[in-house]
Structures are given as C-alpha cells and as structure tokens.
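In: only the shape, not the letters, is given here:
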C-alpha cells in the first residue's frame, strides 16, 4: 500500500525524490503520513482538494479489496 501511494504521488510532484510515506499502525487502523518537497504540497492537494480526494478514494478502494484495517492518508506540510 505504501508503494502504491508513492507511485501515484511521484507522478504529480516536481521533486519525486522527496516523496516519503511513513506508516503508523494501531489495532483498528493504519495511517499513512505523506511528506513531499517544498512547493509540491499544493500539487498533491490540488484545486479544491480534488487530487488528494482522488488519491484517498483509490487508497480506500484498494484497502477494502485487500480487507485490511481502516486506512487514512494524511499530508504533512513541512513548512508548519
């Protein structure tokens, strides 16, 4: 799943080498924390959140098919 997210996001950003996905797992869910390079945060979010919404939809669909824990995707802004 982590690799799936990385592949999708690397196609959107200008600095694909700076894309990182960390996982935080609990009993009921798994959280994927996505970090991208400077200037790429907006590209991942997209206009009106369309890109991140589409990525999350695909993530949820793949996760449901695999029958895994509840998946969440968080985008971490390095500038905060």
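Out: The structure has been received and is ready for your questions. Treat the numbers as computed from the prediction; the structure is a model and nothing was measured.

In: output the contacting helices and strands for the helix or strand that contains residue 9.
Out: Take DSSP states H and E as the rule and residue 9 turns out to sit in helix 2-10. Judged by 3 or more CB pairs under 8 Å, 6 or more residues apart in numbering; DSSP states H and E, helix 2-10 is in contact with strand 20-25, strand 29-35, helix 50-66. Every C-beta, even on glycine, is put in place using the N, C-alpha and C of the backbone.

In: tell me which helix or strand comes right after the last one.
Out: When you say that, I think you mean helix 50-66. By DSSP H and E, the next helix or strand past helix 50-66 is strand 70-76.

In: next, the buried residues of the helix holding residue 9.
Out: For helix 2-10, a neighbour-count test (16 or more other CB atoms under 10 Å) marks 5, 6, 8, 9 as buried.

In: now the angle from it to helix 50-66?
Out: 160 degrees (axes from the mean of the first three to the mean of the last three CA atoms, to 10 degrees).
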